[in-house]
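Engineer: Provided below for reference: sequence and predicted model.
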2 protein chains.
Amino acid sequence: MLLLSAARALVDGIDAGVRARGFADLRPAHGFAFARLAGGGATVGQLAEHLGVTKQAASQMTEELVTKGYVTRRPHPDDARARLVVLTPKGWACTRAADEAAAEVLGPWADALGAQRVAALRADLSRLATPGRVRPIW
Amino acid sequence: MLLLSAARALVDGIDAGVRARGFADLRPAHGFAFARLAGGGATVGQLAEHLGVTKQAASQMTEELVTKGYVTRRPHPDDARARLVVLTPKGWACTRAADEAAAEVLGPWADALGAQRVAALRADLSRLATPGRVRPIW
DNA sequence: TCCAAGTAGTCAAGCTGCTTGACTAAATAG
DNA sequence: CTATTTAGTCAAGCAGCTTGACTACTTGGA
């Protein structure tokens, strides 16, 4: 319960920070997509696997993000079937806003616990976390 | 990310354990309801607040759990408008199964980190977690 | 070189779990 | 004893996901 509560506090905090910075048309789920796309873009299929959804769902989300101006589709350099989804300048701006928002949430945590305990927390969690999908809907 | 990953690993592990014990018709969301009901029952409204959903949604979930035999509705002792939702014997059995499953997930964690670090983790998280709603859909 | 099988992506339809809105019955305040 | 509030349900609608079917391209083998 504590773990879930902390996770939710973190996600809610970042989401609120991102919205406060003017990106009100995004949900946390989009942030998980951005995190994947920030590493040089991805295909719809890669995005789907990262999010733990079908590629149809990833395709729909991509279409939504294209419409809203956060990403564009480019032809894939090696495979004419595939298309590379990459962040637009607006998408990058949103990514930076999310980083700032995350720092704003973690700041008070460091104040409350001390930077050392936060680092220890991170180290412990890194040994527990399974490197699987990211999608946490339940 | 680590926090989310650990939280998801925990929930998925408990869910799998509960299903393996024969309660295959439940989702993790039901577990959050059970956690509230195990404390002497609750009204639909209290359940809704605990889950962070509308009371219509809580009412539907209650109906589903009644149909599946996990809870029953009883007249409220003090308020004839309200109805007290309480766990049936089957509901209690499922709650015990969830406790066992949780222990099964936490066991390997204690092995990996040591009981002391797990206790420290819990203590740190308890200072961070905001005591709000439990529903983590995003 | 060419065909069969596999893969990337999209379109379409459907389902599930939630929402908002409207309502009844009971409690509470004046 | 009436007016307002509160607990719960019924009904309709919506968002985000699913499965199924399809096209376009790639790949592997005779």
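Structural biologist: Nice, I can see it.
Engineer: for beta bridges, what are the partners of A:Arg74?
Structural biologist: A:Arg74 has the following beta-bridge partners by DSSP bridges: A:Leu84.
Engineer: now for it: which residues touch it?
Structural biologist: By Cβ atoms under 8 Å, 6 or more residues apart in numbering or on different chains, the residues touching A:Arg74 are A:41, A:83-86. Every C-beta, even on glycine, is put in place using the N, C-alpha and C of the backbone.
Engineer: neighbour-wise, give me the winner out of the residues you listed.
Structural biologist: Highest neighbour count within the contacts of A:Arg74, by other Cβ atoms under 10 Å in any protein chain shown: A:Val85, with 26 neighbours.
Engineer: what about that residue, distance to A:Phe23?
Structural biologist: Computed as Cβ to Cβ, to the nearest Å, the A:Val85 to A:Phe23 distance reads 18 Å.
Engineer: kindly report the same for A:Leu65.
Structural biologist: A:Leu65 is 11 Å from A:Phe23, by Cβ to Cβ.
Engineer: those strands in chain A, which residues are they?
Structural biologist: Taking DSSP state E to define them, one finds strands in chain A at A:71-75, A:83-87.
Engineer: identify whichever of those strands lies nearest to DNA strand C.
Structural biologist: Closest approach to DNA strand C among these (Cβ to the nearest atom of the strand): strand A:83-87, 4.7 Å.
Engineer: before we move on, the earlier item: just send the strands of chain A back as TSV, with distance to A:Ser5 and mean pLDDT too.
Structural biologist: Formatted as TSV, these follow (distance: least, Cβ to Cβ, whole Å; pLDDT from 0 to 100):
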stretch	distance to A:Ser5	mean pLDDT
strand A:71-75	32	97
strand A:83-87	31	98
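Engineer: export the ones you listed as CSV, with columns for distance to DNA strand C.
Structural biologist: Below are the strands of chain A laid out as CSV (distance: least, Cβ to the nearest atom of the strand, whole Å):
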stretch, distance to DNA strand C
strand A:71-75, 6
strand A:83-87, 5
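Engineer: right, and those - which one's nearest B:Ser59?
Structural biologist: The closest of these to B:Ser59 is strand A:71-75. By Cβ to Cβ, the value is 39.5 Å.
Engineer: and the closest one, anywhere near DNA strand D?
Structural biologist: No: using Cβ under 7 Å from any atom of the strand, strand A:71-75 stays clear of DNA strand D, coming no nearer than 9.7 Å.
Engineer: what angle do that strand and strand A:83-87 make?
Structural biologist: 150 degrees (axes from the mean of the first three to the mean of the last three Cα atoms, to 10 degrees).
Engineer: A:Leu65 and A:Phe23: which is more packed in?
Structural biologist: Neighbour totals were compared for A:Leu65 and A:Phe23, and A:Leu65 leads with 25 against 22 (other Cβ under 10 Å).
Engineer: the more buried one reaches A:Thr72, doesn't it?
Structural biologist: No: contact criterion Cβ atoms under 8 Å: A:Leu65 and A:Thr72 do not qualify, at 9.2 Å.
Engineer: what touches both of the two?
Structural biologist: Contacts common to A:Leu65 and A:Thr72, judged by Cβ under 8 Å, 6+ apart, are A:Val85.
Engineer: quick one: low-confidence ranges for chain A?
Structural biologist: Applying pLDDT under 70 to chain A flags the ranges A:131-132, A:136-138.
Engineer: tell me the spacing between the residue in it sticking out farthest from the centre and A:Leu47.
Structural biologist: For chain A, the largest distance from the centre (Cα atoms, centre = their mean) belongs to A:Ala80, which lies 27.2 Å off. Distance, A:Ala80 to A:Leu47, using Cβ to Cβ: 19 Å.
Engineer: then A:Ala120?
Structural biologist: Distance from A:Ala120 to A:Leu47, by Cβ to Cβ: 33 Å.
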